[in-house]
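Student: from the sequence below, what's the structure:
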Amino acid sequence: MDQRSCQDIYGGLAFLTSFFLAVVFIVLPLLKHLYGWDLWYILQVLWAGHKGYSQLSGSNFHKHYDAFVLFDIQNKAVRDWVYNELIVHLENSGHKRFCLCLEERDWIPGLSCIENLHNAVYSSMKTVFVLSSGGNSTNGGQTVNGVIRQAFFMVQQRLLDEKMDVAVLVLLGEMFPKLKYLQLRKRLCKKSVLSWPRNPRAQPLFWNRMRMALSSDNLKFYDNNMSESFI
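Tutor: Numbers count the residues shown, from 1 in each chain. Okay, here's the model as predicted:
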C-alpha cells in the first residue's frame, strides 16, 4: 500500500475530526453563553410551526379589556406609578380612554391565582409588563416573580395560538442590560418596549407612544430581518 495515499486519507480524516471537535467544544458553548435564550426561543417557535401547532379549544375569550397591566404589587414605587400615572393618563384622561385590568381591582375573588391570570391575559387585547430593577418587597417576591413568569409564558402561548403578539414592556428606571429576553424584544419589536423618562418634558411623548402601542398590532412593527422566523 502506498504510504503517501494512506497519509492523505487519514490526514484528511484527522483534520475533519479535529475541526468538528473544536466546533463542538469551543464554538457551541460560546454561542450558548452569548445567545442561548435567543436560540432556544427561536427553536421553540420553529418546532411549534413544524408540528402544525393548533389553538386549544376553549381559549377563545371575548376581549373585555384593552390591556392587562402586570406589575409587582409588593413594590411600592411601581405600585404608586401604576395608580398615579398609568391609570390617570390611560383610563381617566385623553381622547381615547382605555379599559385596563388590574390584579388588585379586577380579579375575581374565589378563583385561583392561575385561573385569574389566565382569564386576564386571554380577555385582554394587550398585556403590559411594568418592570423595575429595584424592589422593596421582603416577602412574597418569589410569588410575584412567579406570576410574572407565568404571564410571560401565557403571552408566548397566545403568539403560537392566535398569531398575536400582545406583549408591551414598560421599563421604570435602569433595567437589566444583559436580560436576554429584553435584548431580543428590542431587536424584534422595538416599539413595544417603552422606557419611562425622567425628564417631565418627555413624558407626553411617552404617553403618545404608550397609546400607540396599545392600539396597534405589534406584528406590524416587527423587524423585517427577524419577522419571518416568528410569524
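
Student: sketch out the low-pLDDT regions of this protein for me.
Tutor: 1-10, 35-63, 94, 134-145, 174-180, 221, 223-231 (pLDDT under 70).

Student: tell me where it has helices.
Tutor: Using DSSP state H, the helices of the chain run over 3-22, 28-50, 76-81, 87-90, 103-106, 113-122, 141-162, 180-188, 203-215, 224-227.

Student: now do the strand ranked longest in the chain and helix 113-122, the angle between them.
Tutor: With DSSP state E setting the assignment, residue counts place strand 124-132 as the longest strand in the chain. For strand 124-132 against helix 113-122, the angle between stretch directions is 110 degrees (axes from the mean of the first three to the mean of the last three C-alpha atoms, to 10 degrees).

Student: what packs against strand 124-132?
Tutor: Packing partners of strand 124-132 (3 or more C-beta pairs under 8 Å, 6 or more residues apart in numbering; DSSP states H and E): strand 65-70, helix 76-81, helix 141-162, strand 167-172, helix 203-215. To be clear about C-beta, it is placed using only N, CA and C from the backbone, and glycine gets the same treatment.

Student: please redo it, this time with the cut-off set to 6 Å
Tutor: strand 65-70, strand 167-172 (3 or more C-beta pairs under 6 Å, 6 or more residues apart in numbering; DSSP states H and E).

Student: CA-only coordinates of that strand in CSV, if you can.
Tutor: Only the C-alpha atoms of strand 124-132 are listed here, as CSV (Å, rounded to 0.1, in the frame of the first residue of the first chain):
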residue,chain,number,x,y,z
SER,A,124,-57.2,41.5,27.2
MET,A,125,-56.0,42.8,23.9
LYS,A,126,-52.6,43.5,25.2
THR,A,127,-50.5,42.5,28.3
VAL,A,128,-48.4,45.3,29.8
PHE,A,129,-45.4,44.3,31.9
VAL,A,130,-44.3,47.1,34.2
LEU,A,131,-40.8,46.2,35.2
SER,A,132,-38.3,47.8,37.6
